[in-house]
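**Student:** with the sequence up front, the predicted model follows.
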There are 2 protein chains.
Amino acid sequence: MSYSRIRLPSLHQKVMSAAQAAELIENNMTVGMSGFTRAGEAKAVPKALVDRAKLTPIKIDLITGASLGNDLDKQLTEAGVLARRMPFQVDNTLRKAINAGQVMFVDQHLSETVEQMRNKQLKRPDIAVIEAVAITEDGHIVPTTSVGNSASFAIFAEKVIVEINTSVSEALEGLHDIYIPTYRPTRTPVPLTKVDDRIGTTAIAIDPSKIAAIVFNDTSDSPSNVTEPDIDTQAIANHLIQFFEQEVKAGRLEKNLAPLQAGIGSIANAVLTGLMHSDFEDLIMYSEVLQDSTFELIDAGKMKFASGSSITLSPKFNEKVFSDIEKYKDKLVLRPQEISNHPELVRRLGIIGINTALEFDIYGNVNSTHVCGTKMMNGIGGSGDFARNAHLAIFVTKSIAKNGAISSIVPMVSHVDHNEHDVDILVTEQGLADLRGLAPRERAKVIIQYCVHPDFQAPLLSYFERACERGGHTPHILREALQWHINLEENGHMLADQAQAKTA
Amino acid sequence: MSYSRIRLPSLHQKVMSAAQAAELIENNMTVGMSGFTRAGEAKAVPKALVDRAKLTPIKIDLITGASLGNDLDKQLTEAGVLARRMPFQVDNTLRKAINAGQVMFVDQHLSETVEQMRNKQLKRPDIAVIEAVAITEDGHIVPTTSVGNSASFAIFAEKVIVEINTSVSEALEGLHDIYIPTYRPTRTPVPLTKVDDRIGTTAIAIDPSKIAAIVFNDTSDSPSNVTEPDIDTQAIANHLIQFFEQEVKAGRLEKNLAPLQAGIGSIANAVLTGLMHSDFEDLIMYSEVLQDSTFELIDAGKMKFASGSSITLSPKFNEKVFSDIEKYKDKLVLRPQEISNHPELVRRLGIIGINTALEFDIYGNVNSTHVCGTKMMNGIGGSGDFARNAHLAIFVTKSIAKNGAISSIVPMVSHVDHNEHDVDILVTEQGLADLRGLAPRERAKVIIQYCVHPDFQAPLLSYFERACERGGHTPHILREALQWHINLEENGHMLADQAQAKTA
């Protein structure tokens, strides 16, 4: 045990086992835990809670930054601990419980959770469990690989459990920049005007007397599960790079583009990786999660600064980055997700937001979350925080899924997370649709022409043309609008004739 | 003619007839005109353009603040002048042309139009036509009853036509506060922290050599067409007031509430009027349009300050307010719509946004624009600017329409302008649903219980329960999800059995 990481000696007496600390969590409590995109989550206490629940059932409302690693959501779900979960998740077991109506999932814009707590519109955590690399001389908490909602959770909670992760280098101290917006009605502007501005403190400032327990863990974050770029994601990246080149030429982007944001996952990661082979220099990022691609670009001298709320890496990059974090420290900052995703800052900085769509429709409405309008995948995450106010709101996806049974472009999306007003650019491996300044009938033409897989182009064009004959600003045939999804549910293919062909 | 209103004498030579000024507008030009919620639109030049188009066809792209009065959109449509129109309209003739695909309408968040021009993502106006009460000694333009997008249009356009409206009192000078955000990447925070802050200038500062023509008009703004509160809107207001009282009691709102925003139209106006009979004092507004209700509240001593982008009044209030504007000047400010609706400010100030829904669904997704998913009504206007970042995003509507043939609450909305993530409170005359912190299945229960008209409650509950049996985070039965809209289109009633009953 590294008591030296607890630099306020009076807190040494608060060290206990995870099982003892977990006893502080009572039935029906609201618990705020660290963790964002599988980085920096508390690891020992939730595990101890699972063990305890196997003996004595307990239910809690669990609020985090975003997704947790180390299968914690899976284990908590299987142990029946979760009554309510917000604001994001990516776990397959939890997803099933959500879709079965067993766990109440509140899917939120990631910048809004602690704002709603601050205004007492969401219940504040009774207790917070925060992973840290150290506790300072003042009793303040130095986070690990994510900030997420940890700072506000610790501030709002009556009791705080700190998990010191001894597997994470103490050299991370100084990486974080904790800024908390002031209360209304006297709130002042967030004083950030450049991606590398530091506007807060390097640790979470709380009254140390609130620290009710300190637990040690030595478990690593789960490695990132992004897949390598493939031919389709490479094509998406190429379309985007060509587009950026045109924008620079037209004087609509600087030569180093604008602050980049890229959503979690393989496609967004591949798009950023694609910039390795572009002519753009001095790139900057203002994003929520920093993945492998960020460090590839930094290592290659292509990116000069990256601001995020978490770092989520593959084993290879994890070793490289965290064994030599000092090398990166002047090029990185981790902020609360309220600040990394803040609408005020997204608009001010003029971000290029690149996020993944589950599907979009011929008019440019995007579904990021619900399969066939009903089943939750992960959650909207930060995509809405960025897309609404971005300089460029870009959504990317492969044009087909499930070996061509599914077209990612449909007549009408089965669920809307981002509507026509908030979507500028759509990209698939087929091409790029620039929707800026276009009316719906114009948008449909460029989307069908540039983004749709050839197998689905004729039926989509037919739908659009027949809908236009019936009239309307956004022409639809309601009897057919969701038929592709119905076909998929009932026959396993979006096109009725294909489904029949398969069956025959 | 009042040359005294042109205080820079060198500009006197630019005075000409509206017909002469209209000659400056060429075929295929992009024209930026003043006008927001039927207030402060240029009146003589567009009329002259209509007259000219009757002889020689001309097409333009017309961009305004929001809707125009004096039937200008009607006349411009009938004369075939409009190729493209943005970002909002409320005219019946134009609406028909939009829905027939004859005019390309770009429906935008009202804070975004000039931002997109600033970044060259939307074509900047070739020429601007701006109504004014005066031109200053410096050649700067003092707007009339709205600011809208006028300032940025005048700044971006190569040529500016000023229409001096002699029917509007020169005493309006000093009412306006013109602030223009700086360019990225060096943009600074918008320095407004209180609704009554003045952060800009009282006139639109442009190089006077850009003023290519000055025209006089003496035509009044069209009167507001809001209807008097009725028993249903009064009930909506009562539900909201009771809710606000509970919020104050719970410590979630101050005693004077929070800055109020209310959308254009009869229902939102009635809700504000309802506050006359509440115990709330010292109310403040940070809204886009200031309607009769604002001045009722000011006159009654209930409201101490109102910030807007336009003033749109009934004949009675128009006479009262503008004949004695000095009385109101220290309680009012008119700002560019980019600032009245700015996401940065909406979030900072913590606004209570009250906007009208066309329909909403059992999960709280709101359709503000499209009848049966297809036909445009007016446009999203500022509702998205406010709802996304408001302290409370409230949507109001009557629970039924067309004598009960239409339920405003449906299984699935036919078009989404505001999704589940952005909707806190829904109110009909039946009651109020508080959706904060609820998962979709929980939202459905409170919406069906509190907002739905009794005639539609059982069928909605049946849909919801049958959908839940099939599972999903947001349970739907895709084969039935849009059936109510299909019934309405085909049989004139949302419920199939009712439609048959009617036919039989």
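**Tutor:** Structure received. Residues are numbered from 1 along each chain as shown, chains lettered A, B, ... in the order given.

**Student:** restricting to C-alpha, output the one helix or strand residue A:62 maps to in CSV.
**Tutor:** According to DSSP states H and E, residue A:62 maps onto strand A:60-63. Presented in CSV, the C-alpha positions along strand A:60-63 are these (Å, rounded to 0.1, in the frame of the first residue of the first chain):
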residue,chain,number,x,y,z
ILE,A,60,-28.9,1.6,-6.2
ASP,A,61,-29.2,4.4,-8.8
LEU,A,62,-25.8,4.5,-10.4
ILE,A,63,-24.6,7.7,-12.2
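
**Student:** so for the helix or strand that that strand is followed by, what gets flagged as buried?
**Tutor:** Later in the chain than strand A:60-63, the nearest helix or strand by DSSP H and E is helix A:72-78. For helix A:72-78, the neighbour count (16 or more other C-beta atoms under 10 Å in any protein chain shown) marks A:72-78 as buried. In short, each C-beta sits where N, CA and C put it, glycine included.

**Student:** helix A:72-78 close to chain B?
**Tutor:** No - using C-beta under 8 Å from any C-beta of the partner chain, helix A:72-78 stays clear of chain B, coming no nearer than 14.1 Å.

**Student:** which residues in the stretch 401-504 of chain A form strands?
**Tutor:** A:406-407, A:409-410, A:425-428, A:431-434 (DSSP state E, counting those that start in this stretch).

**Student:** a markdown table for those, including distance to residue B:93?
**Tutor:** Below are the strands of the stretch 401-504 of chain A laid out as a markdown table (distance: least, C-beta to C-beta, whole Å):
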| stretch | distance to residue B:93 |
| --- | --- |
| strand A:406-407 | 38 |
| strand A:409-410 | 33 |
| strand A:425-428 | 33 |
| strand A:431-434 | 31 |
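
**Student:** for those strands, which one sits closest to chain B?
**Tutor:** Chain B lies closest to strand A:431-434 among the strands of the stretch 401-504 of chain A, at 9.6 Å (C-beta to the nearest C-beta).

**Student:** quick one: that closest one to chain centroid distance?
**Tutor:** 24 Å (C-alpha atoms, centre = their mean, to the nearest Å).

**Student:** packing partners of that strand?
**Tutor:** helix A:231-249, strand A:425-428, helix A:440-450 (3 or more C-beta pairs under 8 Å, 6 or more residues apart in numbering or on different chains; DSSP states H and E).

**Student:** where do the domain boundaries of chain A fall?
**Tutor:** Per the record, chain A has its domains at A:9-217, A:231-477, by the TED database.

**Student:** make JSON lines from those and add distance to residue B:493 and mean pLDDT to it.
**Tutor:** Below are the domains of chain A laid out as JSON lines (distance: least, C-beta to C-beta, whole Å; pLDDT from 0 to 100):
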{"stretch": "domain A:9-217", "distance to residue B:493": "32", "mean pLDDT": "98"}
{"stretch": "domain A:231-477", "distance to residue B:493": "20", "mean pLDDT": "97"}
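
**Student:** quick one: closest of the ones you listed to residue A:491.
**Tutor:** domain A:231-477 (9.2 Å; C-beta to C-beta).

**Student:** quick one, phi/psi of residue A:268?
**Tutor:** With angles defined as degrees, to the nearest 10, residue A:268 sits at phi -60, psi -40.

**Student:** that one: neighbouring residues, count only.
**Tutor:** 26 (other C-beta atoms under 10 Å in any protein chain shown).

**Student:** next: residue A:364.
**Tutor:** By other C-beta under 10 Å, the residues close to residue A:364 number 28.

**Student:** from residue A:424, how far out is it?
**Tutor:** According to C-beta to C-beta, to the nearest Å, residue A:364 stands 9 Å off from residue A:424.

**Student:** mutual contacts of these two, please.
**Tutor:** residue A:435 (C-beta atoms under 8 Å, 6 or more residues apart in numbering or on different chains).

**Student:** just checking, what packs against the strand holding residue A:62?
**Tutor:** Looks like strand A:60-63 contacts strand A:30-33, strand A:82-86 (3+ C-beta pairs under 8 Å, 6+ apart).

**Student:** quick one: closest of those strands to residue B:476.
**Tutor:** strand A:82-86 (21.2 Å).

**Student:** send the alpha carbons of the closest one over as CSV?
**Tutor:** Coordinates of the C-alpha atoms in strand A:82-86 are reproduced here as CSV (Å, rounded to 0.1, in the frame of the first residue of the first chain):
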residue,chain,number,x,y,z
LEU,A,82,-28.9,-1.4,-10.7
ALA,A,83,-32.3,0.1,-10.3
ARG,A,84,-31.5,3.1,-12.4
ARG,A,85,-28.5,4.0,-14.5
MET,A,86,-27.4,7.2,-16.3
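
**Student:** write out the residues of the stretch 51-200 of chain A neighbouring chain B.
**Tutor:** Counting by C-beta under 8 Å from any C-beta, the stretch 51-200 of chain A sits next to chain B at A:84, A:98-101, A:104-109, A:112, A:115-116, A:119-123, A:184-191, A:193-194.

**Student:** so which of these sit within helices?
**Tutor:** Secondary structure from DSSP state H places A:98-99, A:115-116 of those in helices.

**Student:** now render these as JSON lines, adding neighbour count and distance to residue B:229.
**Tutor:** Formatted as JSON lines, those follow (neighbours: other C-beta atoms under 10 Å in any protein chain shown; distance: C-beta to C-beta, whole Å):
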{"residue": "A:98", "neighbour count": "26", "distance to residue B:229": "43"}
{"residue": "A:99", "neighbour count": "21", "distance to residue B:229": "44"}
{"residue": "A:115", "neighbour count": "21", "distance to residue B:229": "33"}
{"residue": "A:116", "neighbour count": "20", "distance to residue B:229": "32"}
